[in-house]
Structure formats: structure tokens, C-alpha cells
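Participant: build the 3D model from these lines:
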Amino acid sequence: MGVAGPPGPVMDRDEVDRALARLGAEHEAIETSLLALQDHAGRRLLEGARLTGTTRERWSSAEQAITLLWAYFDAYAGALRTAREIRSQRRWPSRDDLLELTDLLRGESVTVAPGASTDGLSPSITGPAKLSEQFTLAALVERMNDLYASSLDMVVAADAVWSALPARIDLLAAELARTRQLAHSVGVRPGEHPAGDDLERITAVLTRLREEVVSDPLAYWQKARGSSAPGGGRPDTTAYDREARAIEEVRREIDAVLTVRQDAEARLGRLRDVLSRADRTLAEARSARGEVLAKIAASEVPAVSGPPTVLQEQLATAAEYRRHGQWNRLSPLLESLETKAEDELLRARESLTAVTAPLAVRAELRGRLDAYKAKVARLGFAEDPMLVERYDAARRMLWSAPCDLQAAESAVLRYQRAAADVLAAPTDQRGES
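Facilitator: This is a model prediction of the structure:
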């Protein structure tokens, strides 16, 4: 082989032997890596899968890169084999041998034959397509390392997603199936309960998610920031995690329905009791209103409404839901009824308080009048003519029907003032009064 001139100083025998040993070790390492890539489970899955989207595009490029890798490796192995043959001819190589070996080991002596670079290979991998390429052995190793790293990164990422997500989605789908069965048993069905609609949506999302993960795993790969190592990253579980949380929320809703089924009769009993107390309180208020109108004159007494029939109708509906096991409908109705029943009882009590207010005022005036009479009697003025007169006037008003509360209150105040005046007068003047 003619040599135009060695690339740099001519190597001596020891340098050649060291270079051959290093290149031989690199050859073994590259071959081991390529065979491992060839046998990688992820690569075999990629070859047999029906890919879509990003994964299909990247695998198309990766396949070409792997083909090119083997072409480069064959060229590298051929150049190394030629160099070893030249070196093996003589124990002490001649200068021509050393010139040729220097050119082989350091120069651009490796030519990748036309077509070996695979027409149409992505320019991002090899640059523009060329008829042939020439490399030094060192440059060829660097090129193979780059292609190997990018190919392995793609294969490892796809394999990691396939190893992690489909199995987790299947487990979640199994949990979803159990949840759907439980939901159906308590009447939580699509179109009848929001949780049933949620289960339908989650089912559709999980089905689509699994199909996408299987056909386009790289769409669910999150590369680690700042990492250049092949496979640096992790599967993106955002969509999976979202649906897992949605299933958990539905499960909590179903648990609430189950709780309703367990204590529905007790809650219905409490509701009947509260509404019954409200009805009795309203009945008492109506009776009290008649009494007030008969006993108290010139007083504004508020009207008392009857019990709301809508609550009784809803209570009957709730009982019907329980009887037919429609727990999903019973749950929200019971919650609404419990709030409304308590409000109704409070309204009835407020109505009774408002209606009986005049009687309470009369009772307070009676108590005040008797308290002052007792005080006056204790101090020895029970027979005071003016006090007796004013007491009798106030008492007639308070114990007559109908009672004029305004006039009665004025009479009580006159008696209070007269009693105060008598008690405050000097001793020598009390007899005169």
C-alpha cells in the first residue's frame, strides 16, 4: 500500500504495539456493547411494536443509526485486522511497515463504503448524506460512541416506560373494575349519579392511556434535567396519577353512599322526630295565638303558618328510595332534608316565641307588681290608701281580659313611683300621706 506521508511523527514498534492493544480493547468493548444493544429487551419490543407519534419517528432514526453502527464497526474491525496483519509479518517491522501502520492507526485510513451510511438517515444523526466517509480510528470510535449513546437512550427510555406504566395502568384498571361493580351494587350508575359518570370517563381515559403508552412510550418519558447518560430520566406518570386520584374520590363518594345504606333508617327516624317536634311547636303556637288574641287587647300578634307539606313529601320520597335501595339518590336527599328539618324546627320555635311575647310581657308586669307589693308590705305600708288604690287599679288591668298591656304597664309604673315616694319620705311625713 503506497503511503503519501504519515500523519505526524512515525510511530515506533512499541507505540504501534500499545496502540494495537488499546484499539483491540476498544474493539471488544464496542462489540460487547453492540451485542448487548442487539439483545436488549426494549429493542426487541420496539422492533415488534406498532409505534406511533414521537416513538415511531425516533425509532426509525434509531434503527438506521444501529445499522450504521454495525457498518462503522465492520469498517473499524477491518482496519484493525489489516493493521494486525501488517504488524504480524515481522518481529521487527521495517520503516515502510511503520509508515503504513502509522497511517492506518493515526490517519484517515478508514473508509465507510458507499451506501453503508444508509440513504435517508436523519441529518441530525449523521449530517447530510454522503457517498462515503473517511475517518481516523479515533474519530470513528467517537462517532460510534455518539450513535450508540443516542440509540441506547431511546431504547432504554421506551423500555422503562413499558416496564413501569402498562402494568400500573392494568392494576388501576382492575381497581376501577372493582369500584364499578361496587358502585353498581349501590345504584351509582352513569346518567343517574355524578360518580357513575366519573367512572365512565375514567374508564375511557385509562383505555386510551394504555393504548398511547404501548404505541408511543416516549410521549410518557420525562428526561432528567442536565443528564447526558443514556436513559437518564423517568416515566411521566402525571396522567396516571390524575386518574388514580379520581378513582379515589369516586371511592370516597361510594363509601358515603354505603354509609347512608347502613344508617338510613336511623336518619329517617331522626328526621321524622324533628319534623314532628316542629309540627307540635307550630300547633302550640297556633293555640297560643288564640289565647293571646282572647286575653291581650290591642296587640299585634303574628300569624302562624302551617307545616310545609313539601318536607313531608320529600321525607316520603326518601323512605321510598330506601325501600327500593336507591342509595345514590337517598344520600343527597337525606343531607338536604336534615338541614331543612332543623331549620323548620327553629322557625317553629321562633314563631311560638313571637306569638307568646304579649303573654310574657303580662307575666313580667304581674311579677313586678307583686314584687313591689311584697316589698311595701315588708316595710309596713301595706295599708297605705294611695298604694292600695294604685295596686288595685293595676291588678284589675293585668288580671282582666282582654288586657290592655300599654295601660297596664302605665298603671304598674304609677304604683312603682308611688311606692318609691312613700318609702323615700321622712318618717314624720309618712303618716300624713
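
Participant: Ser151 versus Ile254, what's the distance?
Facilitator: 48 Å (CB to CB, to the nearest Å). From N, CA and C alone the C-beta is placed, and that goes for glycine too.

Participant: name the residues that touch stretch 319-327?
Facilitator: Residues from elsewhere that reach stretch 319-327, judged by CB atoms under 8 Å, 6 or more residues apart in numbering: 186-187, 257-258, 260-261, 264-265, 268, 329-330, 333.

Participant: more neighbours: Ile254 and Ser151, which one.
Facilitator: Taking other CB atoms under 10 Å, Ile254 and Ser151 do not tie; Ser151 has more neighbours (26 against 23).

Participant: list the residues that contact that one.
Facilitator: Contacts of Ser151 by CB under 8 Å, 6+ apart are 37, 62, 65-66, 69.

Participant: most neighbours out of the residues you listed, which is it?
Facilitator: Ala62 (25 neighbours).

Participant: can you tell me the helix or strand for that residue?
Facilitator: Per DSSP states H and E: Ala62 is located in helix 53-88.

Participant: please apply the same query to Glu383.
Facilitator: Per DSSP H and E, there is no helix or strand for Glu383.

Participant: thinking again about what came up before, most neighbours, which of the contacts of stretch 319-327?
Facilitator: Highest count within the contacts of stretch 319-327 by other CB under 10 Å belongs to Leu330, 27 neighbours.

Participant: how about the nearest residue to it, chain neighbours excluded?
Facilitator: Tyr321 (4.0 Å; CB to CB, 6 or more residues apart in numbering).

Participant: and that neighbour, what element?
Facilitator: Using DSSP H and E, Tyr321 falls in helix 309-323.

Participant: buried set for that helix?
Facilitator: 311, 314-315, 318-319, 321-322 (16 or more other CB atoms under 10 Å).

Participant: please report how far the residue positioned nearest the centre of the chain lies from Ala160.
Facilitator: When CA atoms, centre = their mean is applied to the chain, the residue found nearest the centroid is Arg245 (5.2 Å). Separation of Arg245 from Ala160 (CB to CB): 23 Å.

Participant: lowest-confidence helix or strand of the protein?
Facilitator: Least confident helix or strand, the chain: helix 123-126 with a mean of 43, by mean pLDDT, DSSP states H and E.

Participant: that one: what's the following helix or strand?
Facilitator: Note on helix 123-126: by DSSP H and E, the next helix or strand toward the C-terminus is strand 133-135.

Participant: that next one: how far from the chain's middle?
Facilitator: Relative to the chain's own centre, strand 133-135 is displaced by 57 Å; criterion: CA atoms, centre = their mean, to the nearest Å.

Participant: who touches that strand?
Facilitator: Contacts of strand 133-135 (CB under 8 Å, 6+ apart): 75, 108-112, 117, 143.

Participant: 7 Å - rerun?
Facilitator: 108, 110-112, 117, 143 (CB atoms under 7 Å, 6 or more residues apart in numbering).

Participant: show me which of those is closest to Gln89.
Facilitator: Taking CB to CB as the measure, Gln89 lies nearest Val110 of these, at 20.7 Å.

Participant: if you count contacts, what does the strand or helix carrying the residue nearest to the centre of the chain end up packed against?
Facilitator: Using DSSP H and E, the element containing Arg245 is helix 238-295. Using 3 or more CB pairs under 7 Å, 6 or more residues apart in numbering; DSSP states H and E as the contact test, the elements touching helix 238-295 are helix 137-185, helix 194-215, helix 309-323, helix 327-355.

Participant: what about Ser400, which SS state?
Facilitator: coil (DSSP: H, G, I helix; E, B strand; the rest coil).

Participant: which residues does it contact?
Facilitator: With the criterion set at CB under 7 Å, 6+ apart, Ser400 makes contact with nothing.

Participant: show the backbone phi and psi for Tyr304.
Facilitator: Residue 304: Val, not Tyr. phi -110, psi 120 (degrees, to the nearest 10).

Participant: next one: it from Asp343, what distance?
Facilitator: From Val304 to Asp343 the distance is 17 Å (CB to CB).

Participant: repeat for Val361
Facilitator: Taken as CB to CB, the span from Val361 to Asp343 is 28 Å.

Participant: what about the two, which has more around it?
Facilitator: Val361 (16 against 13).

Participant: any idea which element that one lies in?
Facilitator: helix 357-378.

Participant: who are the packing partners of that helix?
Facilitator: Using 3+ CB pairs under 7 Å, 6+ apart, helix 357-378 sits against helix 385-398, helix 405-424.

Participant: the last one packs against which elements?
Facilitator: The reference is to helix 405-424. By 3+ CB pairs under 7 Å, 6+ apart, helix 405-424 packs against helix 357-378, helix 385-398.

Participant: show me the one of these that comes nearest Ala204.
Facilitator: Here helix 357-378 is closest among these (CB to CB), at 62.5 Å.

Participant: can you pull the contacts of the closest residue to Gly187 other than its chain neighbours?
Facilitator: Nearest in space to Gly187, with sequence neighbours left out and distances taken as CB to CB, 6+ apart, is Asn328 at 4.3 Å. Asn328 makes contacts with 186-188, 192-193, 257, as judged by CB under 7 Å, 6+ apart.

Participant: what pLDDT does Asn328 get?
Facilitator: pLDDT recorded at Asn328 is 73.

Participant: ok, now how distant is it from Arg251?
Facilitator: For Asn328 relative to Arg251 (CB to CB), the value is 14 Å.
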